[in-house]
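> Build me a model from this:
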Amino acid sequence: MNDIAIRTHGLGKMYHIGSERPEYHTLRDALTNAVKRPIERIRNPGAATHTSEVLWALRDIDLEIQHGEVLGIVGRNGSGKSTLLKVLSRITEPSEGWAEMRGRVGSLLEVGTGFHGELTGRENIQLNGAILGMRRAEIKSRFDEIVEFSEIGKFLDTPVKRYSSGMYVRLAFAVAAHLNPEILIVDEVLAVGDAEFQRKCLGRMGEVAREGRTVLFVSHNMSAVRNLCTRAIQLANGRVVMAGETSEVTEAYLRGTRTESLDSLAEAVRVFPPDPAFRLDGITIRQGGRETLTILSGQPFEVEYRYTVPERIMGLRVFFDLVDDEQTALFRSHHDDDAASMSLLEAGQYVSTATVPADLLATRQYELRINARLGNGLIIAGDGVGVPIVVESSGTFNQAYKSRMRFKLQPRIAWETSKVSDEIDPVARAYG
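Residues are numbered from 1 along each chain as shown. The predicted model follows:
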């Protein structure tokens with residue numbers, strides 16, 4: 001019982017959709033309307049009345065989160081993730097049930113939450129610390145660390161209403177993470193920052209967790225959730241549909257999103273430019289026997305082309321380019337890269353399958369640009385027809401990529417180490 005930081009029981013939040021906002025009336029208006037309504041109903045019995053649809057953003061949420069636990073919350077847009085965090089942060093009241101929080105709560109739910117636009121960055125640090133219940137001495141002891149982390153020291157005495165969204169979130173996260181809240185609640189707001197700052201924030205949340213404080217983390221970045229969180233829950237339609245080990249929950253969530261994302265494959269085939277010498281019939285991306293556009297880094301995956309050649313042709317090549325989220329072309333692969341000479345294809349239907357090895361791609365978003373080249377050198381689809389894919393961590397550990405550097409690839413390279421002699425150089429021994 002004493003180890004529980006957050007407990008909820010039967011927690012629910014209801015909204016009325018489509019209802020008119022009630023007007024403010026005086027007592028005289030209320031008495032007048034009480035007399036007029038029955039008369040109006042008699043005169044106009046069929047008159048429409050304003051109705052509203054009830055939407056339960058959360059329903060029957062029962063949670064127990066231990067002190068020092070890092071809980072990931074995943075789910076599609078509209079599943080109730082942000083609503084849950086707002087209820088736990090006391091920004092909105094639940095419609096039913098209750099939530100108990102044990103400890104000071106630091107929240108970062110949207111850019112500028114808790115900031116006063118007319119106050120400077122310096123003043124907002126003081127204000128947020130006071131809201132968290134910290135003494136002036138505590139805030140002062142952390143002040144320089146907050147400013148250094150936020151990297152906005154040059155603008156510290158500027159009103160925050162003049163900050164960009166990136167500057168806002170830098171300062172907001174620095175304050176939330178460094179003013180020693182026992183519970184840190186972070187929504188997807190970190191996506192506002194640049195890639196380097198996002199990695200910096202994730203590193204700080206890891207430090208907070210190792211210090212024994214509790215973290216609730218909402219993100220669509222499954223790699224970040226896997227690396228940071230000790231446990232996860234999945235929300236759907238306002239309810240917890242799965243809770244357990246982070247890897248199990250995130251994999252189940254990704255499986256549920258794959259069917260929708262596969263529509264882009266059919267669209268790519270549909271828009272592929274027609275050509276009398278080549279017809280693209282289908283594209284499939286598979287991993288572990290399943291069709292998917294979400295790839296786990298530790299396993300190979302296949303890219304399958306299905307196409308028709310109406311007439312005999314020399315030198316036809318199907319191929320793809322892989323481009324990362326910074327539009328850097330990483331590599332190109334043709335179906336006949338190993339052929340000694342140009343291949344001759346008779347008229348018919350063909351299937352060509354490329355296997356991309358495991359442990360090659362870093363965890364990030366990519367675009368697979370499918371294409372074909374005719375024997376005369378003509379590339380049918382120009383820069384190719386793009387299919388979005390996402391590479392997520394498979395959970396395997398690779399020490400090299402804990403660095404903050406943004407590697408384009410992250411292959412596992414085979415190394416061997418062997419002892420070649422028992423002798424030690426005298427100079428080396430002296431320094432040993």
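
> got a list of what I61 touches?
8, 10-12, 84, 97, 239-240 (CB atoms under 8 Å, 6 or more residues apart in numbering). Quick note: C-beta positions are derived from backbone N, CA and C, even for glycine.

> ranking those residues by neighbours, who comes first?
By neighbour count, taken as other CB atoms under 10 Å, the most surrounded of the contacts of I61 turns out to be L84 (29 neighbours).

> that's a strand at that one, yeah?
No: using DSSP: H, G, I helix; E, B strand; the rest coil, the secondary structure at L84 is helix, not a strand.

> The residue nearest to it when sequence neighbours are not counted bridge partners, please.
Nearest non-adjacent residue to L84, counting by CB to CB, 6 or more residues apart in numbering: L58, 5.9 Å away. Taking DSSP bridges as the rule, L58 bridges to K13.

> What number of residues are in the vicinity of E123?
By other CB under 10 Å, 16 other residues sit near E123.

> tell me the mean pLDDT for the helix or strand where it lies?
Mapping E123 onto the secondary structure by DSSP states H and E places it in helix 121-131. Along helix 121-131, the predicted local confidence has a mean pLDDT of 86.

> what are the ranges of the helices in this structure?
Assignment of helices within the chain using DSSP state H yields the ranges 27-43, 81-88, 121-131, 136-150, 165-178, 195-210, 222-228, 246-261, 263-271, 426-431.

> any chance of those helices in JSON lines, with distance to T355 too?
Converted to JSON lines, the helices of the chain look like this (distance: least, CB to CB, whole Å):
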{"stretch": "helix 27-43", "distance to T355": "73"}
{"stretch": "helix 81-88", "distance to T355": "36"}
{"stretch": "helix 121-131", "distance to T355": "52"}
{"stretch": "helix 136-150", "distance to T355": "44"}
{"stretch": "helix 165-178", "distance to T355": "40"}
{"stretch": "helix 195-210", "distance to T355": "30"}
{"stretch": "helix 222-228", "distance to T355": "23"}
{"stretch": "helix 246-261", "distance to T355": "19"}
{"stretch": "helix 263-271", "distance to T355": "18"}
{"stretch": "helix 426-431", "distance to T355": "46"}
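
> From I17, how far out is R59?
Distance, R59 to I17, using CB to CB, to the nearest Å: 15 Å.

> what's the answer for R286, then?
Per CB to CB, R286 is found 41 Å from I17.

> what about those two, which has more around it?
Using other CB under 10 Å as the criterion, R286 and I17 rank with R286 on top: 16 against 8.

> Spatially nearest residue to the more buried one (excluding sequence neighbours)?
For R286, ignoring the flanking residues on the chain, the nearest one in space by CB to CB, 6+ apart is E302 at 4.7 Å.

> what is the one you found paired to in the beta sheet?
R286, T355.

> repeat for R317
Using DSSP bridges, the bridge partners assigned to R317 are R373.

> Break this structure into its domains for me.
The domain map for the chain lists 4-32+50-256, 262-392, with the assignment taken from automatic domain parsing.

> Next one: the closest residue to S343 other than its chain neighbours relative to E245, how far apart?
Setting aside the residues directly before and after it, S343 is nearest to D336 in space (CB to CB, 6+ apart), at 4.9 Å. Using CB to CB, one gets 44 Å for the distance from D336 to E245.

> More neighbours: which of those two?
A side-by-side neighbour count of D336 and E245, using other CB under 10 Å, places D336 first with 16 against 12.

> contacting residues around that one?
Contact criterion CB under 8 Å, 6+ apart gives 317, 342-343 as the residues in contact with D336.

> and if we set it to 10 Å?
The neighbours of D336, taking CB atoms under 10 Å, 6 or more residues apart in numbering as the test, are 315-319, 342-343, 345, 352.
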